[in-house]
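could you work out the structure for the sequence below:
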Amino acid sequence: MRVQAIPAALAAAALLAVAGCGGHDSAGAAGDGDATPTKAAQQAASGDFGDLKDVCGPGDAKSAPAQGVTAGTIDVGVFSDVGFTKNSEFVDTAKVFTSWCNAAGGINGRKLVATTRDSRLMEVRQRMLEACKDDFALVGGGAALDALGVQDRLKCLLPDFPGQVSQVQNLGSDLQLNETGGASYGRYTGYYDWLLKQAYPKSATAVGTIGGDAPVTKVINAESKENLQAAGAKIVYQDLYPAAGVSDWTPYAQSIKSKGVKGLVFNGDFASLAKLEQILTGMDYKLDWIDANSNAYGQAFLQLAGTSLDHQNNFADLSGVYPLEKAADNPATGQLVGLFKKYAPKAQITLPGVRGFAAWLLFAKAASSCGDALTRTCVYQAAVKETSWTGGGLLAPVDLSKKDAPLTCFNIEKATSKGWQPADFEPDDGAYRCNAAAYRYKGDYGKPLTLADVGKSMSDVK
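Alright, predicted model coming up:
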């Protein structure tokens, strides 16, 4: 699939639908938890995070072994669409991590210098070319139309530790350490199995999908349809809404009701979903469930949806990220909350922000293991050896040695008028359920780019 430039209106829908792509995460703020900042600050001084020891700390680095690496600094790029979205989650996360890490001594004494690569939705390639000239690696960021920069990143042999991945061409591309599973597999198999076979088995006879009318979203909807059907769903309703927005959701609600939809997958922005649900609730039509996707996981959706949350059952699969509202129950999440309070007290912690912080931790641990001889080959090879990566306890375990593998762990949240809370999905490993079956897509939705696609190989990486 070739990614084309799209008009601004369609671009907005593509951005809002990122939650359905590779990262399946979004910008919703999800609360502060109840961590103790004092304890977090004490841990910060030692460079420990969660169950990871000495992630950052002093050292005696003396050489400049790679682009972006000197005896005193490491230059990394952080992709973000902040200039378009005004959402600073990746920028905030970079500020928090680098402030904490540098205060602990940096990476073997080298201080981290993070440069925001503001892709402004449509300027991915321009920012990637700039990163290729200056950065040692990309860490903890993401862009809605990230496929536009993959070819250039691979040509310049730039490693990527993303906080979020959106498009198939980038998901699991070479030189990337991705925590969110492979492009060949359905991400929500365990989630859909729970919805259709355990929680609401009668809903399987009437499932619908709707999303923004944009190229990115059409791929998402097609993947969702295939994954749902593999889980036993009969699709009775499929629709797209205009990227420029909808002034009246009544016709969509009426169509959903007339089709007798019992379960609805919504691949779009949570503000539109809230409006649709208000109409459905006003019509006194209640679905068995609505997959709001992790785009809605945050306080903003709760406020917009209002009393509809008492009428409709909204769920989101966090795909193995520990719930933020339960931060007090998990040391790593509690420490993360404490660090945000210390270094970015006005910032909201988001789901992509948590993944971004875990990506920073992965980069820092791998880079620290390289000592003075910090090269791209070393940092990539060190990171890819992580076979049970949890970001110190922020995530369910992920095997980073496998480039294209399914996620086996999932965790489901339910939106209520009192807040987000874990659904009754029968977790079997702490906060997670880790028995999801693997489903490999049969449809052709594109494939991740490789070094070979640009005439390179790992032997070219220095």
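
from now on I want contacts and neighbour counts done on CA atoms only, so please keep to that.
Noted.

now stretch 368-376: mean pLDDT?
Averaging pLDDT along stretch 368-376 gives 98.

check stretch 288-295 too.
94.

for stretch 447-456, same thing?
For stretch 447-456, mean pLDDT rounds to 97.

endpoint to endpoint, that stretch covers what distance?
For stretch 447-456, the first-to-last residue distance is 17 Å (C-alpha to C-alpha, to the nearest Å).

return the distance of the nearest residue to L177 once chain neighbours are set aside relative to C132.
Closest residue to L177 apart from its sequence neighbours, by C-alpha to C-alpha, 6 or more residues apart in numbering: F161 at 5.1 Å. Going from F161 to C132 by C-alpha to C-alpha gives 15 Å.

state the mean pLDDT of stretch 76-84.
97.

CA atoms of that stretch as CSV?
Coordinates of each C-alpha in stretch 76-84 appear next as CSV, following Å, rounded to 0.1, in the frame of the first residue of the first chain:
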residue,chain,number,x,y,z
VAL,A,76,18.2,11.8,20.0
GLY,A,77,15.1,12.8,18.0
VAL,A,78,11.5,12.7,19.3
PHE,A,79,8.8,12.6,16.6
SER,A,80,5.6,14.3,17.4
ASP,A,81,2.7,15.9,15.5
VAL,A,82,2.4,18.5,18.2
GLY,A,83,2.4,21.4,15.8
PHE,A,84,-0.8,20.0,14.3
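
identify each buried residue in it, please.
76-82 (16 or more other C-alpha atoms under 10 Å).

on that earlier part again, who has more neighbours out of F161 and C132?
Neighbour count, other C-alpha atoms under 10 Å: between F161 and C132, F161 has more, with 27 against 21.

so who does that one touch?
By C-alpha atoms under 8 Å, 6 or more residues apart in numbering, F161 lies in contact with 137-141, 176-178, 359-360, 362-363.

pLDDT score assigned to it?
So F161 comes in at 98 (pLDDT).

ok, it to T70 distance?
Counting by C-alpha to C-alpha, the gap from F161 to T70 is 20 Å.

name the element the spatially closest residue to A231 that is not a sequence neighbour belongs to?
Sequence neighbours aside, D193 is the residue nearest to A231 in space, at 5.7 Å (criterion: C-alpha to C-alpha, 6+ apart). According to DSSP states H and E, D193 maps onto helix 189-193.

CA atoms only: put that helix into CSV for me.
Extracted C-alpha coordinates of helix 189-193, given in CSV (Å, rounded to 0.1, in the frame of the first residue of the first chain):
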residue,chain,number,x,y,z
THR,A,189,-7.9,-11.3,19.2
GLY,A,190,-8.0,-11.9,23.0
TYR,A,191,-10.2,-8.8,23.4
TYR,A,192,-12.7,-9.7,20.7
ASP,A,193,-12.8,-13.3,21.9
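
quick check: mean pLDDT of it?
On average, helix 189-193 scores 97.

helices or strands next to the next helix or strand after it in the packing?
Next in sequence after helix 189-193, counting helices and strands by DSSP H and E, comes strand 207-212. In terms of contacts (3 or more C-alpha pairs under 8 Å, 6 or more residues apart in numbering; DSSP states H and E), strand 207-212 is packed against helix 215-230, strand 235-241, strand 263-267.

and these as JSON lines, adding mean neighbour count?
Converted to JSON lines, the helices and strands packed on strand 207-212 look like this (neighbours: other C-alpha atoms under 10 Å):
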{"stretch": "helix 215-230", "mean neighbour count": "21"}
{"stretch": "strand 235-241", "mean neighbour count": "17"}
{"stretch": "strand 263-267", "mean neighbour count": "26"}
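
what's the longest helix along the chain in contact with?
When the chain is parsed with DSSP state H, its longest helix is helix 351-369. Around helix 351-369, the neighbours that count as contacts under C-alpha under 8 Å, 6+ apart are 25-30, 55-56, 89-90, 93-94, 97, 107-108, 139-141, 161-164, 179, 294, 297, 321, 374, 378-380, 382-383, 390-392, 394-395.

now stretch 87-98: buried residues?
In stretch 87-98, counting by 16+ other C-alpha under 10 Å, buried: 88-98.

wait, Y380 sits on L157?
No. Assessed by C-alpha atoms under 8 Å, Y380 is found out of contact with L157, at 11.0 Å.

need the overlap of contacts for these two.
L175.

mind checking how far the residue in the chain sticking out farthest from the centre is from R110?
Largest separation from the mean C-alpha position in the chain: K62, at 35.7 Å (C-alpha atoms, centre = their mean). Separation of K62 from R110 (C-alpha to C-alpha): 9 Å.

anything in contact with each of these two?
70-72.

any low-confidence regions in the stretch 201-350 of the chain?
Of all residues in the stretch 201-350 of the chain, none has pLDDT under 70.

so which of the buried residues of stretch 76-84 are in helices?
V82.

can you list the buried residues of stretch 76-84 in TSV and add distance to T250?
Shown next, in TSV, are those (distance: C-alpha to C-alpha, whole Å):
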residue	distance to T250
V76	47
G77	44
V78	41
F79	38
S80	35
D81	32
V82	32
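
in strands only, show me the buried residues of stretch 76-84.
Judged by DSSP state E, strands contain the following of these: 76-80.

and of those residues, the nearest to T217?
Minimum distance to T217 across these is 19.4 Å, recorded for S80 (C-alpha to C-alpha).

excluding chain neighbours, what is closest to that closest one?
Using C-alpha to C-alpha, 6+ apart and skipping the chain neighbours, the partner closest in space to S80 is D118 (5.0 Å).

so what's the residue count around that neighbour?
Using other C-alpha under 10 Å, D118 has 23 other residues around it.
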